[in-house]
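Asker: Next input, structure requested:
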Amino acid sequence: MRAFALMVLALAARALSAQAPGLELGGALIPAGEEARYLRGLQLLDSTRSTPVGIQMMGAGFETTWRGVLARTATHAWAARSGDGAPTRLFRLLRPDVSLLYQTGLITADVPGVTWGGIGSTVSAQAGASLHWKFLRAQVAPVVFWAENRAMVVTPNDEAPSLWFRDARYPTAIDLPQRFGATPYSRFDWGDSFVELAAFGAAVGLSNARQQWGPAQRYPLALGTGSGGFAHVYAGSNAPLPIGIGRVHGRLMLGRVEQSEFSPIQTGERARFLSGFVGTFQPRGMPGLEIGATRLVNGPWPEGGAGWNETRLPFGGIINDNVSELNQNPNNGFASAFLRIAPPGSGLEGYVELSREDFAGNVRWLIMEPDDYAQLTMGVGHARVLPDGRLRRVLVELTNGEIAHTERAARTLQRPSPPYVHIPTQQGLTNRGQLLGSLATYSGSGAVAAVDYHDARGRRTYSVERMTVLDWLPSLGATGGVRDAEVRYAVRYDALRFVGRREVGVSVAPSYTLNRSLRTGDDRWALELALRWRGW
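Answerer: Residues are numbered from 1 along each chain as shown. You can find the predicted model right below:
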């Protein structure tokens, strides 16, 4: 037994010494992660082709498509760290990732992944191993985090004291706690773990990894990385497939999402199914144009488990008149359509995504008011290699989830209704108390302007952000009168430095929130500090 243990340690040491420095975990490419962020800018300079961005799901196809730009680029800022994008070796130990977040004043950090950060210190760690053999790709990358979760004053939600930790606006219609209890909060999650078989242009897999649908970078409307991943099975094309008139790419998914201890549902079955489809089309003869659509259906976990009946729901109808028996069931849907244009080699991209709840009333209503109950994200980006070799990438992105129409009463809705809130599936589009989509869109609106500088030493980012945190409370009644919204402004400096084989990151983000809990003149300063260490 001792000899076996020594042999395992020797093999592990040999594997570590043979591995290139790498980026992030060093395994599968992470959607919206550090390396994907760099590649998104580098792809805009690729004169040979335009890389589609609408489907970002961990696996061989996503990795080959995105990292393929490295092999087509002679020199670039991170060439020494990222190699040429060739397939990974048979087995590798993932690089450990440890981060520390400290928040004071108010909770302002929107941390990507499963980690939730409260007031005080939050520590998270991730590690694991990956395997790549012929048609098989597998990775085990669990995450554990601990949040100090110091005391804070929550916004009153007009509920009993025992329910005050729930969402301020819709405590009975969404599982989105303001605070995860009054004691330290911790959780173990399987993180970015998955197993996939990919061959002959198709891929099937079982995954718990994060994913992102649509072109948005900060405010994805359907599925983003803000809540981490959830257990799901999927099938579809491995990468965009040529069909004569262009290229198509699609994935069909069936997953199981869970709830937090502060969910509106406290008895009976607490899990839900989430089925979804995302597809993209790149027309022939129109380089750089990508058109896509998503559809999600969320409902109670069926007795005996979910199967094909739930999987096919994204291809069903979207009409519900709230009067007849048409489409009356406990499920809720969410859909979006998007468009992106990024002419190859131009360094430019522009995109827009429009989403809406499935509650379309009737066909006539849908024709008259296609933007009713809708949300919008749009953005522009530009990448350029500076004379000194640095890659500079500029991003401006806006989102708006506020309801501008006034026909709520005609639809029996007597109060503002943001996206992701669902009745009768009362947990909304969340997993374990965190949104699957965009927190800024749910809160009302958001905007970010950021510039990245990538060089051989790492990355520096400067950004300015604005977010509508709160625009209405139940205690204000149906109309709420005239109130100044709770709005937050923040500036952020974020840096990543390569230190030998390792990466060290630091982030500083002071913010100023106006009209806390809709109280005019009650303004608060807050501060985020973050440190990160990756690698051996």
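
Asker: switch to C-alpha atoms for all contacts and neighbour counts from now on
Answerer: Fine.

Asker: my guess is residue 220 meets residue 436, correct?
Answerer: No: counting by Cα atoms under 8 Å, residue 436 is not a contact partner of residue 220; they are 9.0 Å apart.

Asker: buried residues in the helix or strand encompassing residue 281?
Answerer: Residue 281 belongs to strand 272-283 when assigned by DSSP states H and E. Neighbour-count burial for strand 272-283 flags 272, 273, 274, 275, 276, 277, 278, 279, 280, 281, 282, 283 (criterion: 16 or more other Cα atoms under 10 Å).

Asker: Mind checking what helix or strand follows that strand in sequence?
Answerer: Next along from strand 272-283, by DSSP H and E: strand 289-300.

Asker: And the next helix or strand past that following strand?
Answerer: helix 308-311.

Asker: Quick one: residues in contact with that next one.
Answerer: Residues outside helix 308-311 that contact it (Cα atoms under 8 Å, 6 or more residues apart in numbering) are 252, 253, 254, 273, 275, 276.

Asker: Kindly reformat these as CSV containing distance to residue 427.
Answerer: Listed next are those as CSV, based on distance: Cα to Cα, whole Å:
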residue, distance to residue 427
252, 22
253, 20
254, 18
273, 12
275, 15
276, 17
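
Asker: Save these as JSON lines, and put in pLDDT and distance to residue 485 too.
Answerer: Formatted as JSON lines, those follow (pLDDT from 0 to 100; distance: Cα to Cα, whole Å):
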{"residue": "252", "pLDDT": "98", "distance to residue 485": "39"}
{"residue": "253", "pLDDT": "97", "distance to residue 485": "38"}
{"residue": "254", "pLDDT": "98", "distance to residue 485": "38"}
{"residue": "273", "pLDDT": "96", "distance to residue 485": "35"}
{"residue": "275", "pLDDT": "96", "distance to residue 485": "35"}
{"residue": "276", "pLDDT": "96", "distance to residue 485": "34"}
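
Asker: Assess the claim that residue 436 and residue 219 are in contact.
Answerer: No: judged on Cα under 8 Å, residue 436 makes no contact with residue 219 at a distance of 10.9 Å.

Asker: Beyond the one helix or strand in the chain whose mean pLDDT sits lowest, next helix or strand please.
Answerer: In the chain, the helix or strand scored least confidently by mean pLDDT, DSSP states H and E is helix 2-18, which has a mean of 43. As assigned by DSSP H and E, the chain's next helix or strand after helix 2-18 is helix 34-43.

Asker: buried set for that next one?
Answerer: Buried-residue list, helix 34-43, by 16+ other Cα under 10 Å: 35, 36, 38, 39, 40, 41, 42, 43.

Asker: could you dump stretch 512-521 to CSV, C-alpha only?
Answerer: Only the C-alpha atoms of stretch 512-521 are listed here, as CSV (Å, rounded to 0.1, in the frame of the first residue of the first chain):
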residue,chain,number,x,y,z
TYR,A,512,-21.7,54.8,-3.7
THR,A,513,-25.3,53.9,-3.3
LEU,A,514,-28.0,56.6,-3.4
ASN,A,515,-31.4,56.3,-1.7
ARG,A,516,-30.8,53.0,0.2
SER,A,517,-34.1,51.1,0.4
LEU,A,518,-35.8,54.0,-1.5
ARG,A,519,-35.2,56.4,1.3
THR,A,520,-34.3,59.7,-0.4
GLY,A,521,-30.9,61.0,0.9
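
Asker: any idea of the mean pLDDT for it?
Answerer: Average pLDDT, stretch 512-521: 94.

Asker: Return the set of buried residues in it.
Answerer: 512, 513, 514, 515, 516, 517, 518.

Asker: What distance do you get for the closest residue to the second one other than its chain neighbours to residue 111?
Answerer: For residue 513, ignoring the flanking residues on the chain, the nearest one in space by Cα to Cα, 6 or more residues apart in numbering is residue 488 at 4.2 Å. Note on residue 488: its distance to residue 111, by Cα to Cα, to the nearest Å, is 17 Å.

Asker: Those two: which has the busier surroundings?
Answerer: residue 488 (23 against 14; other Cα atoms under 10 Å).

Asker: what is the mean pLDDT for stretch 303-312?
Answerer: pLDDT averaged over stretch 303-312 gives 92.

Asker: Tell me which helix or strand residue 61 sits in.
Answerer: Residue-wise, residue 61 maps onto helix 60-71 under DSSP H and E.

Asker: angle of that helix against helix 34-43?
Answerer: On the basis of axes from the mean of the first three to the mean of the last three Cα atoms, to 10 degrees, helix 60-71 is oriented at 50 degrees to helix 34-43.

Asker: buried residues in helix 60-71?
Answerer: For helix 60-71, by 16+ other Cα under 10 Å, it's 60, 61, 62, 63, 64, 65, 66, 67, 68, 69, 70.

Asker: so how far is the next helix or strand after that helix from its chain's centroid?
Answerer: Using DSSP H and E, the next helix or strand after helix 60-71 towards the C-terminus is helix 79-82. The chain centre lies 26 Å from the centre of helix 79-82; the measure is Cα atoms, centre = their mean, to the nearest Å.

Asker: in its sheet, what does the helix or strand following helix 79-82 sit against?
Answerer: Sequence order places strand 91-93 as the next helix or strand after helix 79-82, per DSSP H and E. Strand 91-93 pairs in its sheet with strand 129-133 (antiparallel), by DSSP bridges.

Asker: after the strand it pairs with, next one along is what?
Answerer: strand 136-140.

Asker: Next, the angle helix 60-71 makes with that next one.
Answerer: Using the same axes, to 10 degrees: strand 136-140 against helix 60-71 is 90 degrees.
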